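1. Quick one, structure for this:
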Amino acid sequence: MRIYFSGIGGVAIGPLAEMAIGAGHEVCGSDRAAGLMTEALRRAGITVSFDQSGEFLRSEHQREPFDWFVYTAALPADHPELVLARQLGIRTSKRDELLAQIIADKQLKLIAVTGTHGKTTTTGMLVWTLQQLGVPVSYLVGSTLSFGPSGRFDPASQFLVYECDEFDRNFLHFSPWLSLITSVDYDHPDTFPTPDDYRAAFRQFGEQSTQVIAWREDADVFTPTNVTVLEQTDPQITLAGEHNRRNGTLAARAAMLVRGAAALEIEDEAIITALNAFPGTGRRFEKLADNLYTDYGHHPSEIAATLQLAHELNDRVVLVYQPHQNIRQHEVRERYTDEIFMHADEIYWLPTYLTREDPNLPVLAPEELTRQLTTDKVHIAQLDDTLWQAICEWRARGALVLGMGAGTIDGWLREQLGHSA
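-> So this is what the prediction gives:
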């Protein structure tokens, strides 16, 4: 089957393209601009165009027709490629339909990792652990990895480990063999108008799963009959950061269930040893240079957890934060408190990165979002030379500088490092 991916550089679409190639399909696609994922795809031999006018799609389709056009949820209905694909009679869908087809065709048991926070890290942990133990595994992770591609199909695998996000109700298209729930903390107001809507979707997802593992604080969301409830982190897991130890506990329990289902002779100690050697994933407390880290987190709970991790490594932490999506800021603004930022000694607060917005909502300024914080440690900033100079000075003084956000901050930090190299 020949498949075209529009938005192929996205953290959800890119790994699926990699997996589709492994599953025997021919793949190419397009995106608006180059990035970490598009570069990884090109290294894997996938043709990626940055022309989304429709001309690339048309010329490739004329050369050899496409069977399927897969597009990102961010693609508007009037996007030139989506309009053209329908005119050409190509089957069109979002990513969930193609993935469900691959799962059915390859008869894979789906292990879905979902929740508000920690999906990428927990998925990466489980994939890493199974690989270290010699267990064949197919997987999709929404980030770049240091130990392999972001998506992979292993012909010998019985299991697919999938970062199964709730945005756009994506996770409701699947019926997993096992679901790991990292947390249920209201998010994505553009998809779920109220907290009750959000929790109801998770409850439905749990009911679609054969078995679920969740933490005690989230157990009431799910039907009790198929839920294993975790009370505390495994004390043998020694990864830095309390949230990483929680994620590791989930991954360890999942690995033990895989061991049982596949009748493997693997000791608990071997599972824990593999987990404790986990090298991390891209954009999740990823070290860019000495005393400089980047993280995708953009929710108050994620900020608090990542700052706690940073504080375990350095007594002086400087945060550079880019809020993500104005509609989300209207929901979380009251949660920006000193308690959330207690492990940040200085905060450089950037304007909100705008995407998928409600035009009727006023854009909240940094001064409005930081009104509850101790003012002497908050600095309103821009992604400019002045901020980079401040970052360099803090690093030189031995502070750990952490850039957080899902927008342009990560690319900007990498660009500045490239200029100063």
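2. Could you use CA atoms for every contact and neighbour count after this?
-> OK.
3. So for the biggest helix by length in the chain, could I get the coordinates as PDB, restricted to C-alpha?
-> Scanning the chain for the helix with the most residues, using DSSP state H, yields helix 242-261. Extracted in PDB, the C-alpha atoms of helix 242-261 (Å, rounded to 0.1, in the frame of the first residue of the first chain):
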ATOM      1  CA  GLU A 242       9.500  11.600  41.500                       C
ATOM      2  CA  HIS A 243       7.400  11.600  38.400                       C
ATOM      3  CA  ASN A 244       9.900   9.400  36.500                       C
ATOM      4  CA  ARG A 245       9.800   7.000  39.400                       C
ATOM      5  CA  ARG A 246       6.000   6.900  39.100                       C
ATOM      6  CA  ASN A 247       6.200   6.400  35.300                       C
ATOM      7  CA  GLY A 248       8.800   3.700  35.800                       C
ATOM      8  CA  THR A 249       6.500   1.900  38.300                       C
ATOM      9  CA  LEU A 250       3.800   1.700  35.600                       C
ATOM     10  CA  ALA A 251       6.300   0.500  33.000                       C
ATOM     11  CA  ALA A 252       7.600  -2.200  35.300                       C
ATOM     12  CA  ARG A 253       4.100  -3.500  36.000                       C
ATOM     13  CA  ALA A 254       3.400  -3.600  32.200                       C
ATOM     14  CA  ALA A 255       6.600  -5.500  31.500                       C
ATOM     15  CA  MET A 256       5.700  -8.100  34.100                       C
ATOM     16  CA  LEU A 257       2.300  -8.600  32.400                       C
ATOM     17  CA  VAL A 258       4.000  -8.900  29.000                       C
ATOM     18  CA  ARG A 259       6.300 -11.500  30.600                       C
ATOM     19  CA  GLY A 260       3.300 -13.500  31.800                       C
ATOM     20  CA  ALA A 261       1.400 -13.200  28.500                       C
END
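4. ok, residues contacting it?
-> With contacts defined as Cα atoms under 8 Å, 6 or more residues apart in numbering, helix 242-261 is touched by 118, 121-123, 125-126, 129-130, 178, 180, 182, 213, 232-234, 237-239, 265-266, 268, 271-272, 275, 305-306, 308-309.
5. what does stretch 142-154 give?
-> 11-12, 14-20, 22-23, 36-37, 40, 120, 124, 128, 136-141, 163, 279-283.
6. Just the buried positions in that stretch, please.
-> Neighbour-count burial for stretch 142-154, counted by 16 or more other Cα atoms under 10 Å, picks out 142-145, 149-153.
7. Also stretch 308-328?
-> 308-311, 316-328.
8. Give me the subset of these that lies in strands.
-> 317-321 (DSSP state E).
9. What residue spans form the domains of this protein?
-> 2-93, 108-276, 286-420 (automatic domain parsing).
10. Compare these and report which one is nearest to A100.
-> domain 108-276 (7.2 Å; Cα to Cα).
11. quick one: that closest one to chain centroid distance?
-> Chain-centre distance of domain 108-276: 13 Å, with Cα atoms, centre = their mean, to the nearest Å.
12. Give me the local confidence score for the residue lying closest to P189 once chain neighbours are set aside.
-> Nearest in space to P189, with sequence neighbours left out and distances taken as Cα to Cα, 6 or more residues apart in numbering, is R328 at 6.5 Å. Looking at R328, its pLDDT stands at 96.
13. how about R328, what does it touch?
-> 187-189.
14. Over to Y71?
-> So Y71 contacts 5-7, 13, 82, 92-95 (Cα under 8 Å, 6+ apart).
15. If we use 7 Å, what do you get?
-> Contacts for Y71 (Cα atoms under 7 Å, 6 or more residues apart in numbering) come out as 5-7, 93-95.
16. same question, Q158
-> Counting by Cα under 7 Å, 6+ apart, Q158 has contacts 108-109, 137.
17. Give me the contact list for the helix or strand bottoming out on mean pLDDT in the chain.
-> Least confident helix or strand of the chain, by mean pLDDT, DSSP states H and E, is helix 36-43 with a mean of 92. Contacts with helix 36-43, where a contact means Cα under 7 Å, 6+ apart, come from 9-10, 14, 48, 144.
18. Give me the subset of those lying in helices.
-> Using DSSP H, those in helices are G14.
19. Show me which pair in the contacts of helix 36-43 is furthest apart.
-> V48 and T144 (16.9 Å).
20. tell me the helices in this protein, going along the chain?
-> Going by DSSP H, the chain shows helices at 13-22, 36-43, 55-63, 80-87, 95-106, 119-132, 195-208, 242-261, 268-276, 300-313, 326-332, 366-369, 385-396, 409-420.
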